[in-house]
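# Build me a model from this:
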Amino acid sequence: MSRTSQPEESGACINNRLGDDELRAVLSKLEEDKDKEVFGLVCKRWLHLQSTERRKLCARAGPHMLNRIAARFTRLSELDLSQSLSRSFYPGVTDSDLSVIAAAFTSLRLLNLHNCKGITDKGLSAIGSGLPCLQSLDVSYCRKLTDKGLSSVAKGCHGLRALHVMGCRFITDSLLSALSLNCNNLEELGLQGCTNLTDSGLTVLAEGCKRLKHLDLNKCSNIGDIGISNVSKACSSSLRTLKLLDCYKIGDDSILSLAKYCKNLETLIIGGCRDLSDDAIKSLAFACYGSLKNLRMDWCLKVSDTSLVCIFLMCRNLEVLDVGCCEEVTDSAFQGLGSEDCKLSLKVLRVSNCEKITVDGMSKLLKSCEGLEYLDVRSCPHVTQLRCHEAGLQFPHGCKVNFTGSLVEPDLLR
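Residues are numbered from 1 along each chain as shown. Purely as a prediction, here's the structure:
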């Protein structure tokens with residue numbers, strides 16, 4: 001009897017034992033994407049379940065393939081159609097593709113069109129009218145776009161939380177007005193290189209978008225103290241990251257306003273803001289001593305040892321500091337370091353082109369920065385590889401020291 005029943009046991013199929021809900025439960029336990037892909041290779045039924053449960057997809061496809069993707073991945077919420085720099089010659093997604101996306105992926109929450117140079121305002125208008133649930137949109141370097149198309153998105157996607165329009169040079173204050181009126185939950189806004197933006201636009205933006213956490217205004221050269229001060233007041237409890245690289249109109253008033261209102265600021269990029277004084281930097285250090293983790297102020301030519309002494313004293317959670325080309329910085333900046341009770345959290349430090357710094361200053365710094373991972377001392381004539389060796393400097397294990405520019409900079413410095 002046992003021999004005759006054995007074939008029945010061996011011939012049992014898992015598909016007959018497990019229903020769709022049980023298989024979905026198994027799939028939900030798989031954390032790695034490669035494991036989820038393997039799940040779909042078992043049989044057509046498992047492939048169908050894996051497809052219908054899939055939430056994210058990165059692809060390059062035309063209208064026909066997009067329709068097939070929509071039919072297969074019915075619960076897709078994140079679609080990445082961005083173009084890499086290596087394919088920058090190829091226009092990527094077109095307006096007709098966006099019309100298909102708007103009609104077929106109505107539950108989409110994230111759409112990445114970074115560097116898709118072929119799209120225009122017509123395509124974005126379709127997105128605005130067809131994807132009301134959209135929360136995140138990246139159209140950076142889609143250089144044909146203007147306020148018209150992006151305003152359509154703002155008017156149609158009221159739940160928008162993240163928008164990146166880096167390098168869209170035709171954007172003006174009109175877009176900021178549309179966002180202020182329609183997207184009150186906006187948390188992340190990337191405007192790098194949008195040089196037509198002004199303080200008036202930022203002021204209007206701040207009136208409606210009071211939940212901004214991350215604001216990138218790098219290379220927005222017409223932004224000044226009035227706009228930043230108004231954003232600081234309006235977003236005082238939410239603002240965590242502010243990037244103002246090469247915004248040469250920024251002065252002390254902006255920094256003092258941040259110090260007064262934004263006590264939870266974690267990242268501040270003010271490289272190239274050459275009119276900032278020690279007094280403003282010290283006010284920031286005192287105000288944000290517990291939260292500040294990333295401070296980039298390279299080419300702030302008026303910043304001196306006074307600022308750094310205060311930063312090292314107050315900002316013990318600081319992990320990234322860039323004072324490259326701050327010519328007034330000397331060994332005195334590190335005078336309070338070196339003792340056992342003075343330990344810093346610094347992981348990345350750039351002091352390139354600070355010609356007055358010597359190995360004596362570096363020696364004190366290293367004693368307080370046991371977790372240092374990257375140190376940039378390029379063009380520091382008194383801190384060469386030979387002089388560090390002669391002085392017996394001991395760098396933390398695994399710390400990369402950039403003496404000549406041969407090392408790739410950490411992403412945190414970009």
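# only C-alpha atoms for contact and neighbour calcs from this point on.
Fine.
# Strands of the stretch 251-400 of the chain, start to end?
267-269, 294-296, 320-322, 348-350, 374-376, 400-402 (DSSP state E, counting those that start in this stretch).
# need those strands in TSV with mean pLDDT and distance to Leu393, can you?
Formatted as TSV, the strands of the stretch 251-400 of the chain follow (pLDDT from 0 to 100; distance: least, C-alpha to C-alpha, whole Å):
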stretch	mean pLDDT	distance to Leu393
strand 267-269	98	30
strand 294-296	98	26
strand 320-322	98	21
strand 348-350	97	16
strand 374-376	97	13
strand 400-402	96	12
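# Adding mean neighbour count and distance to Pro410, write those out as CSV.
Below are the strands of the stretch 251-400 of the chain laid out as CSV (neighbours: other C-alpha atoms under 10 Å; distance: least, C-alpha to C-alpha, whole Å):
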stretch, mean neighbour count, distance to Pro410
strand 267-269, 21, 15
strand 294-296, 23, 13
strand 320-322, 22, 10
strand 348-350, 23, 8
strand 374-376, 21, 8
strand 400-402, 19, 10
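# Let's have these in TSV, adding distance to Arg143.
Formatted as TSV, the strands of the stretch 251-400 of the chain follow (distance: least, C-alpha to C-alpha, whole Å):
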stretch	distance to Arg143
strand 267-269	25
strand 294-296	28
strand 320-322	31
strand 348-350	33
strand 374-376	35
strand 400-402	36
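# Of all these, which one is nearest Asn218?
strand 267-269 (8.2 Å; C-alpha to C-alpha).
# The closest one packs against which elements?
strand 241-243, strand 294-296 (3 or more C-alpha pairs under 8 Å, 6 or more residues apart in numbering; DSSP states H and E).
# Now distance to Leu215 too, for those, in a markdown table please.
Listed next are the helices and strands packed on strand 267-269 as a markdown table, based on distance: least, C-alpha to C-alpha, whole Å:
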| stretch | distance to Leu215 |
| --- | --- |
| strand 241-243 | 5 |
| strand 294-296 | 14 |
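# doesn't Ile270 make contact with Arg296?
Yes: with contact defined as C-alpha atoms under 8 Å, Arg296 and Ile270 form a contacting pair (5.9 Å).
# Could you list the low-pLDDT ranges of this structure?
Within the chain, the stretches with pLDDT under 70 are 1-12, 15-31, 35-36, 38-42, 44-54, 86-91.
# Outside of stretch 187-197 itself, which residues are in contact with it?
Applying C-alpha atoms under 8 Å, 6 or more residues apart in numbering, the contact partners of stretch 187-197 are 161-173, 209, 211-223.
# end-to-end on that stretch?
One end of stretch 187-197 sits 19 Å from the other (C-alpha to C-alpha, to the nearest Å).
# Determine how far it lies from the middle of the whole chain.
How far stretch 187-197 lies from its chain's middle: 13 Å, per C-alpha atoms, centre = their mean, to the nearest Å.
# State the distance from Cys209 to Ser363.
Cys209 is 46 Å from Ser363, where distance means C-alpha to C-alpha.
# now the helices: where do they sit in the stretch 251-400 of the chain?
252-261, 278-287, 305-314, 359-368, 385-391 (DSSP state H, counting those that start in this stretch).
# Just put those in CSV and tack on mean neighbour count.
Below are those laid out as CSV (neighbours: other C-alpha atoms under 10 Å):
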stretch, mean neighbour count
helix 252-261, 21
helix 278-287, 20
helix 305-314, 20
helix 359-368, 20
helix 385-391, 13
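# Let me have these in TSV, adding distance to Leu111 as columns.
What follows is those, written out as TSV (distance: least, C-alpha to C-alpha, whole Å):
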stretch	distance to Leu111
helix 252-261	32
helix 278-287	36
helix 305-314	40
helix 359-368	44
helix 385-391	47
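# Run through the helices of the stretch 1-150 of the chain in chain order.
2-10, 14-17, 20-28, 33-39, 44-53, 63-72, 95-104, 121-130, 147-156.
# Show me which residues of the last one are buried.
Judged by neighbour count using 16 or more other C-alpha atoms under 10 Å, the buried positions of helix 147-156 are 147-156.
# contacting residues for Ser84?
Here Ser84 is in contact with Asn115 (criterion: C-alpha under 8 Å, 6+ apart).
# tally of neighbours for the nearest residue to Gly130 once chain neighbours are set aside?
Nearest residue to Gly130, sequence neighbours excluded (C-alpha to C-alpha, 6 or more residues apart in numbering): Ala102, at 4.6 Å. Neighbour count of Ala102, defined by other C-alpha atoms under 10 Å: 22.
# Contact partners for Ala102?
Neighbours of Ala102 in contact, by C-alpha under 8 Å, 6+ apart: 126-127, 129-131.
# Can you lay out those as a markdown table showing neighbour count and distance to Gln83?
Listed next are the contacts of Ala102 as a markdown table, based on neighbours: other C-alpha atoms under 10 Å; distance: C-alpha to C-alpha, whole Å:
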| residue | neighbour count | distance to Gln83 |
| --- | --- | --- |
| Ala126 | 22 | 20 |
| Ile127 | 27 | 18 |
| Ser129 | 16 | 24 |
| Gly130 | 24 | 23 |
| Leu131 | 23 | 21 |
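# can you list these in CSV and add distance to Leu265?
Putting the contacts of Ala102 into CSV (distance: C-alpha to C-alpha, whole Å) gives the following:
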residue, distance to Leu265
Ala126, 37
Ile127, 33
Ser129, 36
Gly130, 36
Leu131, 33
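# Out of the helices and strands packed on strand 267-269, flag the one nearest Asn185.
Here strand 241-243 is closest among these (C-alpha to C-alpha), at 16.5 Å.
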